[in-house]
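*Asks:* fold the stuff below for me.
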Amino acid sequence: MTRTIKRWGALGAAAVSLAGAMVVTGGATSAHADTRCNWGWIKINDSPGGDPISDAPGHSHNGGNHYIHDFGWDANSGLYIWNWWADNDGGSDGDTGDTYFGSRWCGSPPW
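*Replies:* Alright, predicted model coming up:
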């Protein structure tokens, strides 16, 4: 159990570090701030030529489609970390790989 807590602690530290790197490099800082503890059903991979269209738990806005890829639970704090990914299905062939978008600690599991 101690190992699990340390692993999630390291994951949280990595997420915070990544967020800091995004701020320093001028990355999508406003998008990163849009990780949230709620979601609705959205369509991802809806550009022609890419992966098959599918429904995903997430949100859509001017910055793009973002969905919950996975989540974990920290037994020590009782919180869940939701890992958000960006649906990068643009480009000329519609098949750009999705990328990590950000994480958020939430009081409940996403589903």
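*Asks:* which parts of stretch 54-65 are buried?
*Replies:* Using 16 or more other CB atoms under 10 Å as the test for burial, stretch 54-65 gives A56, P57, G58, H59, G64, N65. (Each C-beta comes from the backbone N, C-alpha and C, glycine too.)
*Asks:* identify the residues contacting it?
*Replies:* For stretch 54-65, the external contacting residues (CB atoms under 8 Å, 6 or more residues apart in numbering) are 28, 30-31, 34, 36, 39-45, 66-68, 84, 86-88, 110-111.
*Asks:* now the helices: where do they sit in the chain?
*Replies:* In the chain, the segments counted as helices under DSSP state H are 2-25, 29-32.
*Asks:* excluding sequence neighbours, find me the nearest residue to I53.
*Replies:* The shortest distance from I53 to any non-neighbouring residue, by CB to CB, 6 or more residues apart in numbering, is to D46 (5.0 Å).
*Asks:* the one you found against P52, yeah?
*Replies:* No - applying CB atoms under 8 Å as the test, D46 and P52 come out as separate, 9.7 Å apart.
*Asks:* which one of these two is surrounded by more residues?
*Replies:* Between D46 and P52, D46 has the larger neighbour count (other CB atoms under 10 Å), namely 15 against 7.
*Asks:* buried set for the top strand by length along the chain?
*Replies:* Ranked by residue count, the top strand of the chain under DSSP state E comes out as strand 64-74. Neighbour-count burial for strand 64-74 flags G64, N65, H66, Y67, I68, H69, F71, G72, D74 (criterion: 16+ other CB under 10 Å).
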